[in-house]
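**Student:** Need a 3D model of the following:
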Amino acid sequence: MAEVYLTKEAYKDLEKKLAYLKSDGRVDVANKIRVARSFGDISENSEYDAAREEEAILEQEIIQIEETLRNAQIIAKTNTDTSKVSVGATVVVYDMKFEEEMTFKIMGSIESDPTKGLISNESPTGKALIGKAVGDEVSVQTPVGIQKYRVVAIS
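**Tutor:** Residues are numbered from 1 along each chain as shown. Next up, the predicted model:
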């Protein structure tokens with residue numbers, strides 16, 4: 001798994017979720033399996049099959065969160081270099097087509113939310129902006145065509 005960028009808050013949230021899944025989540029699934037077994041023959045027991053499938057999904061989620069935490073790179077707010085766009089930076093760009101300024105915060109893919117201006121470092125726009133300085137121009141291939149931006153500010 002590649003490096004995953006997370007804020008300290010997101011890292012702590014994942015740790016809490018992992019702890020919950022390992023304790024309460026596993027107990028809940030074990031109880032469902034126990035109840036389903038009490039219905040009799042498990043070879044034709046849809047409740048048992050559903051509980052076992054839920055257990056498999058839970059265990060896969062636990063493995064995925066553990067791997068994410070193991071590979072996490074914490075985005076330090078104070079260490080963000082503002083001379084070039086990097087993960088954790090807030091970037092103001094000028095959209096040359098629509099002649100307006102837009103603000104993006106470059107985040108790891110787990111925390112990205114384009115509706116809030118939080119874009120992934122793995123997205124086409126994020127990839128294009130990483131490493132750029134104020135005044136640089138970028139062209140980004142998007143589903144609606146090529147977008148052209150000029151970096152106005154980095155913070």
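**Student:** where along this structure do the helices fall?
**Tutor:** 8-20, 26-37, 46-70, 124-129 (DSSP state H).
**Student:** Work out which residue lies at the spatial centre of this protein.
**Tutor:** residue 110 (0.5 Å; C-alpha atoms, centre = their mean).
**Student:** wait, doesn't that residue sit right on residue 11?
**Tutor:** No: in this structure, residue 110 is not within contact of residue 11 by C-beta atoms under 8 Å, at 9.8 Å. Heads up, the C-betas are built off the backbone N, CA and C, glycines and all.
**Student:** which residues sit against the longest strand seen in the chain?
**Tutor:** If you go by DSSP state E, the chain has its longest strand at strand 145-154. Here strand 145-154 makes contact (C-beta atoms under 8 Å, 6 or more residues apart in numbering) with 82-85, 89-97, 101-102, 125, 128-129, 132-140.
**Student:** Buried residues in it, which are they?
**Tutor:** Across strand 145-154, burial judged by 16 or more other C-beta atoms under 10 Å covers 147, 149-151, 154.
**Student:** Now flag whichever of these is closest to residue 33.
**Tutor:** residue 147 (50.4 Å; C-beta to C-beta).
**Student:** Can you give me the distance of the closest one to residue 133?
**Tutor:** 19 Å (C-beta to C-beta, to the nearest Å).
**Student:** Dig out what the residue lying closest to residue 108 once chain neighbours are set aside forms beta bridges with.
**Tutor:** In this structure, residue 108 finds its nearest non-sequential neighbour in residue 5, 3.1 Å apart by C-beta to C-beta, 6 or more residues apart in numbering. With beta bridges defined as DSSP bridges, residue 5 has these partners: residue 73.
**Student:** Cool, thanks, talk later.
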